[in-house]
Structures are given as structure tokens and as C-alpha cells.
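[1] sequence-free structure coming up:
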């Protein structure tokens, strides 16, 4: 396994920046207990943020609610202008953003840049399209000429966002941007391990002209802050595990508030009989090990047609063994660190369980303390069977199981045999799209791992089965933050019997009118 030397991750400038950003937390004041964030690369302290209380959350929501009323009343052109200025500031801050994302999450420079690029593209997409999605729309009225019916889009109010540690930039800001453009306020709870990236984005948004009270960030343990947030907001956007997502969904249901969630995945890749085995192997490396496998849409299962299995496996394992691991800003590093001791232990538990039950280790399978405390080699397993943890549980780390499929139909059946349904990948020269439509996942990439669907910002993405509810991106990704309101203006005649007209006569006239308008089936 190629490696890079460890490098320091938190500079003096980084510590100063973290101290400045901590002041943006919506905490009630000094003297509050603090929680430290540590860099996964080497364990150094990135900075400390206050531990907020439920009272802080309630105050943050009410503050955002007051600001939201004025924000919603502004023309959408003014809201779009704020996002345009934010984009310019973000592009100018690229190096600071990448440094901070790496320091907090331990990912490689390329994986950090993928986050940066995604936020730029997502914000740009919604800045261009928000007016089109949100403008009032004329609908067919009860009676032609007599009824003018219009659908309006009303902001929900205050949107709560609970974002995870694996993509601290994308999954905080990309969900907040469309909600802001739709006229909402935001209260964001970032993961306790990665608060500073979100705080940096908040500072840039305020510099761009976003009202200070409109977007609030609270920090602290999810078990306390999460329920307090759900208990006050008008809509919730959640990204995290399926288990926690079900708990969050129940809490939202108690209040009858809207809920959207991207949850876990055990994502399959299918290499069909007509695929190019070499290209599929190269694509699988990025699909499986980007962000050290800590990606909801990354590939954890690969089903290869029997005729290609040996060629694919040889090419794939050779490429995996050549992945360069390391820390720091070197663009040539292929894989960084995991986020925490808990993640390393989960990954190792899945690998050791599989090996103890008869799986074959083809690459990786070891911790790498020589590189840093939380490094684990990219790992390839074969001979995985259903009684092994790695077969069905989401590993969420740099581990993939490769299976021989008797034919393409068998690969489809195996891919669908899962409680999850988030993402899938199909490699084929001619049959990719046809097979993709048979898969029970919210997104399917043909001859790509995950990036093609994720970066298609005009199209909705999300999960089926236990992998989520609702969608982000596209029309769905902004309209979910609104309530549709229908207003019908009636003129000349009421939709009721005219004065002096009998109910029976009215009914006969209405039936004739309805038939004439084609709203009832005609007798044949």
C-alpha cells in the first residue's frame, strides 16, 4: 500500500479562525461548557464550541422566526442577490474552506474539493432557478372565465437542518440554500465533530448580506439538541443513519411537521456481461473509497458477471493496493483518514467478523497507526456470505465485498435483496439503462459510481426503502420547503344555485356544464 508521510493539519491561522467562528454559535453567553473538535489526521484540537442547551435552541428558533417574516416579504431578486454574493465569497475562500474541511473530517484534498464544488454548483443552480420554481402558477378554475385560480408557494417558516460529519460543507449548506431562497429561516445543528465548516459558511453568508438573525447555528449533543430543534421548527431536513432517521421521523410525526431525510445505504454495483472490465475496475476504486468510504452513496457491494469476474477482480485489487494514503493538502493522496475511533472500530469489526467466518481478504484489512490514529486500509473481500455483518449492514468505511453473479438477472436480484435503496451503479456497453430501471434505488449511475446522479442538480436524489424520505436537488429540493396555497377568485356567478333557482334545476344545469367541459365520461 503506497503511503504519504503524516502532516500537521491545524495551523496557527486555523486555530485563530476556529476561535473567531465559535463566536457565531447561538449560545446564551459566556461561561457555557465547551466541546472540543479534534482533527482526525493527528488528534490535534481544531477548536472549541459552546455546548448549547434546549433553551438556546428555542431562542435560536424564535430569533430566526422573527427575521424570517421580513425575509419572506423581500422580493426573490434580493434573496438571489445574497446567494450570488455568497458564491463569490466562497470562491475567493477556497483554500481556507478546503483546509478547514480536511482538518475537521480527515478526508483527502480531492474529497474536500468535491464538497466545495458541489456547494458552488448547488447554490448556483438554485440561484438561477428559484424564481421559476417559486413564482405563482395559474391553474384551471372551477368554471372557465368565471373562476381565476392561482397556486402560490408559501415558505414553511423556520427549517431545522441536522447535518452529519462526513460531508460537513455539502450537507449543511446545500440543504440550507434552497430553503433560504424559498423565504425560510434556518436553524442548523452540525455534527459535534465538524462544527467549524458550517460556521465558516454562516460567516460568508452574513458577509454576503444575509440577515444575522435569519440563519442560526446551535452546537452540542444530538440527543439533547435534536429533540429540542424538532420540537420548535416548521420543517426538518435530516441526513444520517436509518436508525436515527426513524426516530426523527416519529418525532416529526408527533407535531405533524414535514420531514425530509437521506439515510443509510448498502449500495450495489453491477458489472454486466458486456462491460469493459478494466474501466469498471477503475470506476469502482473511486466509487468505493472516495472520502474513505464514508459516503452514503458509496459502493459496498459489487456483483460481477461470471465471465468477467476474474479479470475484474485482478484489475480492481491491483488498483486498490496502489491507493496512496496520507494526510495533508497533497492532491496526489488517494485516501485520507476515517473520522473517529468508533468508525475505525466498526470497520475493523466488520472485516474481522467476515474473515473469522470464512471470507477471503484480497486487499487491505489493517489499521495504519503509522499514518495516523484513524487510518484504515482500503479493503476488498470475497467469499462473503449472509451470516457476516458486512453482507447486509452498512459499514460506512473503506470496505467492499465482491461477488460472482451467474448472469445479469442474478446480479439484479442480488442487488435488490436489501433493506436499503439509496444508490446503485451499473457498468455496461449497451444494457446499462435498461438494467438500471429494474433496480430499487433512488439513483442509479450507468458507467459511473455516484457522481453522475449527485451532480445532476436539476434531478431529484434520495432513497427508497430504509434509505430515506423526500428528495434533495431539482424542483423537489426547493418546493419541499414551501406550502402550496390555492387562491380562487370567483366572478359574476357563485358556485351555487342562483336566487330563485331550485336545487334540482341547478343540479341539471351543472351536470350539463360538467359534461360539456369534458369532466364526466360520455355514454357510448
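    Everything's here; your move. Values in this document were obtained by computation on a predicted structure and should not be read as measured data.
[2] how about the residue lying closest to residue 101 once chain neighbours are set aside, what does it touch?
    Sequence neighbours aside, residue 112 is the residue nearest to residue 101 in space, at 4.2 Å (criterion: Cβ to Cβ, 6 or more residues apart in numbering). Heads up, the C-betas are built off the backbone N, CA and C, glycines and all. The neighbourhood of residue 112, defined by Cβ atoms under 8 Å, 6 or more residues apart in numbering, consists of 97, 98, 101, 102, 105, 169.
[3] among the residues you listed, which pair sits farthest apart?
    Spanning the widest gap among these are 97 and 105, at 12.1 Å by Cβ to Cβ.
[4] what do the two both touch?
    Common neighbours of residue 97 and residue 105 (Cβ under 8 Å, 6+ apart) are 112, 197.
[5] between those two, tell me which one has more neighbours.
    residue 105 (30 against 22; other Cβ atoms under 10 Å).
[6] just checking, the more buried one touches residue 40?
    Yes: using Cβ atoms under 8 Å, residue 105 is in contact with residue 40, at 6.8 Å.
[7] mutual contacts of these two, please.
    Common neighbours of residue 105 and residue 40 (Cβ under 8 Å, 6+ apart) are 336, 339.
[8] now intersect the contacts of residue 112 with the strands, please.
    Assignment to strands by DSSP state E places none of the contacts of residue 112 there.
[9] which one of these sits closest to residue 287?
    Using Cβ to Cβ, the contacts of residue 112 come closest to residue 287 at residue 105, 19.2 Å.
[10] and the pLDDT at that closest one?
    pLDDT for residue 105: 96.
[11] now swap in residue 509 and tell me
    pLDDT, residue 509: 89.
[12] what about it, which helix or strand?
    Counting by DSSP states H and E, the element that carries residue 509 is helix 503-516.
[13] tell me how far that helix lies from the chain's centre.
    52 Å (Cα atoms, centre = their mean, to the nearest Å).
[14] next one: stretch 290-301
    13 Å.
[15] end to end, how far does it reach?
    15 Å (Cα to Cα, to the nearest Å).
[16] for the closest residue to residue 465 other than its chain neighbours, give its distance to residue 466.
    Leaving aside its chain neighbours, residue 465 sits nearest to residue 421 (3.9 Å; criterion: Cβ to Cβ, 6+ apart). Residue 421 sits 7 Å away from residue 466, taking Cβ to Cβ, to the nearest Å as the criterion.
[17] the two: which is more packed in?
    Taking other Cβ under 10 Å, residue 421 and residue 466 do not tie; residue 421 has more neighbours (24 against 21).
[18] my read is that that one contacts residue 462, right?
    No: counting by Cβ under 8 Å, residue 421 does not reach residue 462; the two are 9.7 Å apart.
[19] shared neighbours, the two?
    residue 442.
[20] in the chain, where is pLDDT below threshold?
    Within the chain, the ranges that satisfy pLDDT under 70 run 1-9, 12, 29-31, 519-524.
[21] change it to 80
    1-14, 28-32, 517-524 (pLDDT under 80).
[22] quick one, longest helix in it?
    helix 109-134 (DSSP state H).
[23] can you list the buried residues in it?
    For helix 109-134, a neighbour-count test (16 or more other Cβ atoms under 10 Å) marks 109-116, 118-119, 122-123, 125-127, 129-130, 133-134 as buried.
[24] what's the answer for stretch 157-175, then?
    So for stretch 157-175, counting by 16+ other Cβ under 10 Å, buried means 157-175.
[25] from the chain's centre, how far out does that stretch sit?
    8 Å.
[26] ends of it, how far apart?
    15 Å.
[27] and residue 452, that one's in a helix?
    Yes: under DSSP: H, G, I helix; E, B strand; the rest coil, residue 452 sits within a helix.
[28] residue 24 versus the closest residue to it other than its chain neighbours, what's the distance?
    Distances taken as Cβ to Cβ, 6+ apart put residue 445 closest to residue 452, at 4.6 Å, once the chain neighbours are dropped. Using Cβ to Cβ, we find residue 445 at a distance of 37 Å from residue 24.
[29] the two - which one has more neighbours?
    residue 445 (26 against 21).
[30] what lies in contact with the helix or strand hosting the more buried one?
    Using DSSP H and E, residue 445 sits in strand 443-446. With Cβ under 8 Å, 6+ apart as the test, strand 443-446 has contacts from 297, 422-428, 432-433, 436-437, 450-454, 461-462.
[31] cool, stretch 75-95 as well?
    In contact with stretch 75-95 (Cβ under 8 Å, 6+ apart) are residues 71, 97, 116, 119-120, 123-124, 126-127, 130-131, 134, 177, 180-181, 183, 200-201, 204-205, 207-210.
[32] just the ones of the buried residues of stretch 157-175 in strands?
    Those of the buried residues of stretch 157-175 lying in strands (DSSP E): 158, 159, 160, 161, 162.
[33] quick one, what contacts the closest residue to the first one other than its chain neighbours?
    Setting aside the residues directly before and after it, residue 158 is nearest to residue 185 in space (Cβ to Cβ, 6+ apart), at 4.5 Å. Residues in contact with residue 185, defined by Cβ under 8 Å, 6+ apart, are 64, 65, 67, 68, 71, 157, 158, 159, 213, 214, 215, 216.
[34] what angle do the helix or strand where the third one lies and strand 158-162 make?
    Per DSSP H and E, residue 67 falls inside helix 54-73. Using axes from the mean of the first three to the mean of the last three Cα atoms, to 10 degrees, one finds that helix 54-73 and strand 158-162 are set 130 degrees apart in direction.
[35] for helix 54-73, buried residues please.
    54, 56-65, 67-68, 71-72.
[36] neighbours of residue 328, how many?
    That count, for residue 328 with other Cβ under 10 Å as the rule, works out to 18.
[37] quick check: the gap between the closest residue to residue 349 other than its chain neighbours and residue 272.
    Once flanking residues are discounted, residue 349 sits nearest to residue 389: 6.9 Å by Cβ to Cβ, 6+ apart. According to Cβ to Cβ, residue 389 and residue 272 sit 28 Å apart.
[38] who's more crowded, those two?
    residue 272 (24 against 16).
[39] wait, doesn't the more buried one sit right on residue 426?
    Yes: with contact defined as Cβ under 8 Å, residue 272 counts as touching residue 426 (6.7 Å).
[40] between these two, which contacts overlap?
    Joint contacts of residue 272 and residue 426 (Cβ under 8 Å, 6+ apart) are 432, 435.
[41] quick one: the helices in the stretch 201-350 of the chain, in order.
    222-230, 242-255, 277-289, 309-321, 341-356 (DSSP state H, counting those that start in this stretch).
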